[in-house]
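Asker: Generate coordinates for the sequence data below:
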Amino acid sequence: MRASFSGISRPFLLIALFVAVGGVQLASAQSPNEAGTVSVGGGDALTIGGLLQTDAYLGRADNDGFRVRSTRLRFGGNAESLQYAVQTDFASSSILLDAFARLPLTDQLRMTAGIFKTPFSAEILTPRPNLLFAERARVVNNVAPNRQAGVSLARTLVPDRLTATVGAFNGTSGLQPPSSDPLLYVGRLSGRLPVSTGELELGTNAAYSIDDDTPLSGLGRPAFSGTRVLFGADARLDIDRWLLAGELDTAWLDPNGGADTANPFGFYVAAGADVSENQQVLIRFDQYDPDTPIQATPEDQLTLGYNYDYSSLLRFLVNYQAATDDVGDGFFTARLQVAL
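Answerer: Residues are numbered from 1 along each chain as shown. Below is the predicted model of the structure:
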């Protein structure tokens, strides 16, 4: 049985929390451009950053308690025209997250090689400290390829407006050897447009591989052999204090041996508002169907969120997540985040 709240419904408690904190006066909001780093030896030859996320869970039956969600250390810098970065996460089963170098070939063309995020999904490409919610949407975590070893080329087509990126990757996460024949190929086109007093960001991406016993656990296939095609599209609109975002991702899996093809599919839509300079309330609807007989179709989910940026380094976050058919039977996630 899930933890009770003395007869008071959880949605009521969350609404009360929003009202209680709504009048708090805060400092400046966290921004990707304001993340603190420590320079070593002067200049930008070596900078050090980090991320600590500590979570508390309430209402998750036997899983209530505390967890260190992320403990990251990042080294990076610039050596002449070469950029590099190495990032670890001691709270992850794969300690090494990123290890890559980026070289500008021309003013508009850049090459990246190593272990890094594939150019697929706006939410995957968003750094963890800047996510709107505690966790990414289920379809994003399960369909998008995420971090892999490979090489990519990014071309600026219209300065500050339109960018195209293509890459070839191993087809498996992290340092695992290639399991695709020959490789996983990924491409993304992303752009931004001024809209009224805000900005509209749009992106679309696709990927293709011929897999040989590739572990696709997120898609319910621990060892997939066959043709894999991925597609996704995303959008985000920011106008004044309002935010609207969404993403859909799908896969076409054609296994060898004549078995039926599968089409995992999902999407999310999210909306938010800045209730003060440093406070944000959010809501997200999340749907995902893995299209596999060994896994039941997950219930649609609703997530309510509240973000409080005490400073550019310190963030407090509260989420309430529940299935849409029983909104009163969800759980809370509270997070303390320090990002350098």
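Asker: For the rest of this, base every contact and every neighbour count on C-alpha atoms.
Answerer: OK.
Asker: Could you check how many residues crowd around the residue nearest to Ser225 when sequence neighbours are not counted?
Answerer: Leaving aside its sequence neighbours, Ser225 sits nearest to Asp212 (CA to CA, 6 or more residues apart in numbering; 4.4 Å). Using other CA atoms under 10 Å, Asp212 has 19 other residues around it.
Asker: For stretch 317-327, output the C-alpha coordinates as CSV.
Answerer: Taking Å, rounded to 0.1, in the frame of the first residue of the first chain, the C-alpha atoms of stretch 317-327 are listed here in CSV:
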residue,chain,number,x,y,z
LEU,A,317,12.6,21.2,-7.4
VAL,A,318,9.4,19.4,-6.5
ASN,A,319,7.5,17.1,-8.8
TYR,A,320,4.2,15.2,-8.4
GLN,A,321,3.8,12.3,-10.8
ALA,A,322,0.7,10.1,-11.3
ALA,A,323,-1.2,8.0,-13.8
THR,A,324,-3.9,10.0,-15.5
ASP,A,325,-6.6,7.5,-14.6
ASP,A,326,-5.8,7.9,-10.8
VAL,A,327,-4.3,11.3,-10.3
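Asker: outside of that stretch, which residues touch it?
Answerer: Outside stretch 317-327, the residues within contact range by CA atoms under 8 Å, 6 or more residues apart in numbering are 11, 14, 133-134, 299-308, 328-337.
Asker: pLDDT on it, on average?
Answerer: Averaging pLDDT along stretch 317-327 yields 96.
Asker: where along this structure do the helices fall?
Answerer: Taking DSSP state H to define them, one finds helices in the chain at 10-21, 122-125, 138-143.
Asker: Counting by contacts, list what the last one packs against.
Answerer: Contacts of helix 138-143 with other secondary structure elements, assessed using 3 or more CA pairs under 8 Å, 6 or more residues apart in numbering; DSSP states H and E, are made with helix 122-125, strand 242-255, strand 265-274, strand 279-289.
Asker: before we move on, back to that, which of the helices of the chain has the lowest mean pLDDT?
Answerer: Of all those, helix 10-21 has the smallest average pLDDT, which comes to a mean of 38.
Asker: tell me, what residue is most central in the chain?
Answerer: Among the residues of the chain, the one closest to the centroid is Ile124, at 3.5 Å (CA atoms, centre = their mean).
Asker: for it, what are its contacts?
Answerer: Residues near Ile124 by CA under 8 Å, 6+ apart: 117, 136, 140-141, 144, 146.
Asker: before we move on, back to that, so the residue nearest to Ser225 makes contact with Thr227?
Answerer: No - look at Asp212 against Thr227 with CA atoms under 8 Å: they stay out of range, at 9.1 Å.
Asker: For Arg60, see how far away Thr324 is.
Answerer: Separation of Thr324 from Arg60 (CA to CA, to the nearest Å): 16 Å.
Asker: Quick check: closest non-adjacent residue to Glu201.
Answerer: Arg192 (4.3 Å).
Asker: so who does that neighbour touch?
Answerer: 160-162, 199-202.
Asker: Among those, the buried ones, what's the ChimeraX command?
Answerer: Only the buried entries of those go into this ChimeraX selection, using 16 or more other CA atoms under 10 Å:
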select :162,200,201,202
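Asker: By pLDDT, give me the weakest of the contacts of Arg192.
Answerer: Minimum confidence in those sits at Asp160, scoring 93.
Asker: Nearest spatial neighbour of that one, chain-adjacent residues omitted?
Answerer: Nearest one to Asp160, counting by CA to CA, 6+ apart, is Arg192 at 7.6 Å.
Asker: distance of the one you found from Val68?
Answerer: Using CA to CA, Arg192 is found at 35 Å from Val68.
Asker: Pretty sure Ala79 sits against Ala45.
Answerer: Yes - with contacts counted by CA under 8 Å, Ala79 reaches Ala45, the gap being 5.6 Å.
Asker: Kindly provide the distance from Arg236 to Ala271.
Answerer: In terms of CA to CA, Arg236 sits 10 Å off from Ala271.
Asker: Name the residues contacting each of those two.
Answerer: Joint contacts of Arg236 and Ala271 (CA under 8 Å, 6+ apart) are 243-245.
Asker: Looking at the residues you listed, spot the one nearest Arg72.
Answerer: Ala245 (27.0 Å; CA to CA).
Asker: So between Ala79 and Ala45, which is more surrounded?
Answerer: More crowded of Ala79 and Ala45, by other CA under 10 Å: Ala45, with 16 against 11.
Asker: Tell me the bridge partners for the closest residue to Ala323 other than its chain neighbours.
Answerer: Of all residues not flanking Ala323 in the chain, Gln301 sits nearest, at 4.4 Å (CA to CA, 6+ apart). Gln301 has these beta-bridge partners by DSSP bridges: Asp286, Ala323.
Asker: so Gln301 touches Ala270, yeah?
Answerer: No - taking CA under 8 Å as the definition, Gln301 is not a contact partner of Ala270, at 11.8 Å.
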